[in-house]
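Trainee: I need the structure of the sequence given here:
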Amino acid sequence: MIKSLQKKFIFSAMLAVTLLLVVLISSLNIANGFIQTKQNNMQLDSIINEEFTKKSPDGIHDKPFGLFGTPIDNGRSRLLFTVSIGEDGEIHRVDVSRIPDITNEDALEIYSDVGSSLSGKTDGFIYKTVLDSRNGDTVYVFLNTEMQSRAVWNVFLLSILVGAACWAATLLLVILLSKKAIKPIAENVERQKKFVTDAGHEIKTPLAIIRSNTEAMELYNGENKWTRNIKKQVDRLDGLTQNLLILAKSDEEEMNASMENASVTELTVNSVKMFEEAASAKGLELEEDIQPDVTAKVNSRLYSSLVSILTDNAVKYSSENSTVSVRLRKKDRHISFEISNICDALPGCPEQQLFDRFYRPDASRNQKNGGYGIGLSAAKSIAEAHGGSIEAVYEVGNRITFKVKI
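Mentor: Alright, predicted model coming up:
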């Protein structure tokens with residue numbers, strides 16, 4: 001139980017940290033990409049305004065600034081080339097003087113990818129068109145943005161590395177502090193378990209005395225409805241106590257030490273056999289399909305309790321003169337135990353809600369059949385204590401099947 005609480009705490013804490021880092025890194029890189037794109041466009045607009053449109057009356061150009069107030073360099077050091085198109089649609093001029101390693105042929109090839117678009121991106125360049133006021137040509141201005149793209153990519157990689165390092169450091173810190181964080185909860189759980197165990201053992205003594213005194217009264221005065229009611233309620237309380245003890249024991253981590261290789265076939269057969277008389281009294285047929293020689297590492301006592309709880313539940317709530325089917329199989333390293341029965345009506349609740357402690361979908365029916373709403377919860381605890389699972393499945397014809405995998 002303690003390890004389970006610790007794992008859940010670590011998982012919840014790291015899930016929150018992971019979501020926070022994902023949002024933070026995503027926001028950072030999206031903002032960085034947006035800012036870089038905005039600055040590239042402003043740089044291109046600045047170059048176009050300076051070289052191809054009319055100057056202000058005093059001959060001074062406005063100097064553009066980036067989003068954070070940093071001036072944008074609009075000198076000829078920027079890597080760009082231009083392609084001038086005349087009114088007749090012919091290429092009049094190609095200028096690659098401000099960009100190394102790009103020839104006229106390369107420039108024309110890049111220009112050919114543009115098509116009829118007047119602005120956009122292509123092959124590591126952003127481009128826009130402008131009408132040259134000096135000769136009326138349409139000029140395509142291509143600005144190289146590979147350096148800026150690499151910078152954005154480097155920021156992305158750096159943020160991922162820093163985020164991964166922070167995540168790993170946080171994981172180590174959470175693991176170190178998890179025991180201290182869940183210590184109050186763990187101590188409370190341990191106190192509850194100890195109380196249930198101690199109370200269960202203390203209750204056994206007065207129950208045994210009540211039962212023996214009732215039987216003694218019957219020897220002297222004979223059996224009557226009062227003594228029968230006393231014994232019936234003693235049996236109910238004894239069953240409730242047993243299941244509470246099963247819940248407490250199945251939660252204990254020490255249970256793993258008591259697991260051993262056992263004949264699951266034999267344990268299953270013996271547990272089911274105890275209910276043959278009760279099944280016969282209701283006209284039920286126990287249909288067994290149990291694979292022979294199935295062995296597994298289990299807690300023999302708790303596994304037998306699991307089979308007994310499910311078989312008892314099936315017999316109690318089966319329609320009279322119907323069939324209770326029991327099936328045991330081993331596949332690979334896992335065992336599968338299934339038991340199904342036909343009810344007068346299926347419970348009016350979701351299947352998994354049947355395993356809630358003290359949940360009773362039909363209180364009057366539980367009273368009539370002697371149920372107390374804790375048996376299936378105990379079965380679930382036993383299955384999970386073995387590292388397995390249990391589920392209930394509603395089927396056609398008011399059939400309900402419980403499937404256990406260990």
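Trainee: buried set for stretch 31-50?
Mentor: 33, 36-37, 39-40, 42-50 (16 or more other Cβ atoms under 10 Å). Placement of C-beta: from N, CA and C, glycine included.
Trainee: Just the ones in strands from those, please.
Mentor: Among those, none falls in strands (DSSP state E).
Trainee: where's the dip in pLDDT among those residues?
Mentor: Note: of these, the lowest pLDDT belongs to E50, at 79.
Trainee: Relative to E287, how far out is it?
Mentor: To E287, E50 is 92 Å away according to Cβ to Cβ, to the nearest Å.
Trainee: For the stretch 101-250 of the chain, which segments count as helices?
Mentor: Ranges of helices in the stretch 101-250 of the chain, per DSSP state H, counting those that start in this stretch, are 104-112, 146-221, 225-250.
Trainee: With only the CA atoms kept, save the shortest one in CSV.
Mentor: Meaning helix 104-112. Extracted in CSV, the C-alpha atoms of helix 104-112 (Å, rounded to 0.1, in the frame of the first residue of the first chain):
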residue,chain,number,x,y,z
ASN,A,104,22.8,34.3,-61.4
GLU,A,105,21.6,30.8,-62.4
ASP,A,106,21.0,30.0,-58.7
ALA,A,107,19.0,33.2,-58.3
LEU,A,108,16.9,32.5,-61.4
GLU,A,109,16.2,29.0,-60.2
ILE,A,110,15.0,30.3,-56.8
TYR,A,111,12.9,32.9,-58.6
SER,A,112,11.3,30.2,-60.8
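Trainee: Could you list the buried residues of it?
Mentor: For helix 104-112, the neighbour count (16+ other Cβ under 10 Å) marks 107, 110-111 as buried.
Trainee: for these, which one is nearest N321?
Mentor: I110 (86.3 Å; Cβ to Cβ).
Trainee: Give me the nearest residue to that closest one, chain neighbours excluded.
Mentor: Nearest residue to I110 in three dimensions, chain neighbours excluded: D123, at 5.5 Å (Cβ to Cβ, 6 or more residues apart in numbering).
Trainee: doesn't Y111 make contact with the one you found?
Mentor: No - between D123 and Y111 there is no contact under Cβ atoms under 8 Å: 10.3 Å.
Trainee: Quick one: residues contacting V155.
Mentor: By Cβ atoms under 8 Å, 6 or more residues apart in numbering, the contact set of V155 is 28-29, 32.
Trainee: Per-residue pLDDT of P292, please?
Mentor: For P292, pLDDT reads 92.
Trainee: Hmm, it is touching S263, no?
Mentor: No - the pair P292 / S263 is not scored as a contact, 9.5 Å apart, by Cβ under 8 Å.
Trainee: what about the strands in the stretch 251-400 of the chain?
Mentor: Applying DSSP state E, counting those that start in this stretch to the stretch 251-400 of the chain gives strands spanning 260-263, 285-290, 295-298, 323-331, 334-342, 389-395, 399-405.
Trainee: R150: which of the contacts of V155 is nearest?
Mentor: Using Cβ to Cβ, N32 comes nearest to R150 of the contacts of V155, at 12.6 Å.
Trainee: if I look at the nearest residue to that closest one once chain neighbours are set aside, how far off is G387?
Mentor: Excluding its sequence neighbours, the residue lying closest to N32 (Cβ to Cβ, 6+ apart) is V155, at 5.3 Å. From V155 across to G387, the span is 45 Å (Cβ to Cβ).
Trainee: R228 too?
Mentor: Per Cβ to Cβ, R228 is found 43 Å from G387.
Trainee: Quick one: residues contacting L245.
Mentor: Contact analysis of L245 by Cβ under 8 Å, 6+ apart lists 196-197, 200-201.
Trainee: Let's have the residues you listed in CSV, adding pLDDT, distance to F81 and neighbour count.
Mentor: Shown next, in CSV, are those (pLDDT from 0 to 100; distance: Cβ to Cβ, whole Å; neighbours: other Cβ atoms under 10 Å):
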residue, pLDDT, distance to F81, neighbour count
V196, 72, 82, 17
T197, 73, 84, 16
G200, 74, 87, 19
H201, 76, 91, 11
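Trainee: Name the nearest of the residues you listed relative to V272.
Mentor: For those, the residue nearest V272 by Cβ to Cβ is G200; the value is 25.7 Å.
Trainee: Quick one: residues contacting the closest one.
Mentor: G200 makes contacts with 241-242, 244-245, 248, as judged by Cβ under 8 Å, 6+ apart.
Trainee: again, 7 Å this time
Mentor: Taking Cβ atoms under 7 Å, 6 or more residues apart in numbering, we find G200 in contact with 241, 244-245.
Trainee: And these, which is closest to N144?
Mentor: For those, the closest approach to N144 (Cβ to Cβ) belongs to L244, at 76.2 Å.
Trainee: related to what we said a few turns ago, dump the contacts of G200 into TSV; add distance to A379 as well.
Mentor: Output for these, formatted as TSV (distance: Cβ to Cβ, whole Å):
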residue	distance to A379
T241	17
L244	14
L245	14
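Trainee: Just put these in JSON lines and tack on pLDDT.
Mentor: Below are the contacts of G200 laid out as JSON lines (pLDDT from 0 to 100):
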{"residue": "T241", "pLDDT": "80"}
{"residue": "L244", "pLDDT": "74"}
{"residue": "L245", "pLDDT": "75"}
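Trainee: ok, back up a step: out of the buried residues of stretch 31-50, which comes closest to I182?
Mentor: I182 lies nearest to G33 out of the buried residues of stretch 31-50, by Cβ to Cβ, at 41.5 Å.
Trainee: Name the nearest residue to that closest one, ignoring sequence neighbours.
Mentor: V152 (5.4 Å).
Trainee: cool, T129 as well?
Mentor: With sequence-adjacent residues excluded and distances taken as Cβ to Cβ, 6+ apart, T129 is closest to L118, at 4.6 Å.
Trainee: how close does G86 sit to N243?
Mentor: 94 Å.
Trainee: between those two, which one's more packed in?
Mentor: More crowded of G86 and N243, by other Cβ atoms under 10 Å: N243, with 23 against 13.
Trainee: Surely the more buried one is in contact with I374?
Mentor: Yes - proximity of N243 to I374 meets the contact threshold set by Cβ atoms under 7 Å, at 4.8 Å.
Trainee: any shared contact partners between these two?
Mentor: By Cβ under 7 Å, 6+ apart, no residue touches both N243 and I374.
Trainee: which residues touch stretch 292-304?
Mentor: In contact with stretch 292-304 (Cβ under 7 Å, 6+ apart) are residues 246, 249-250, 255, 258-265, 267, 271, 328, 330, 335, 382, 385-386, 406.
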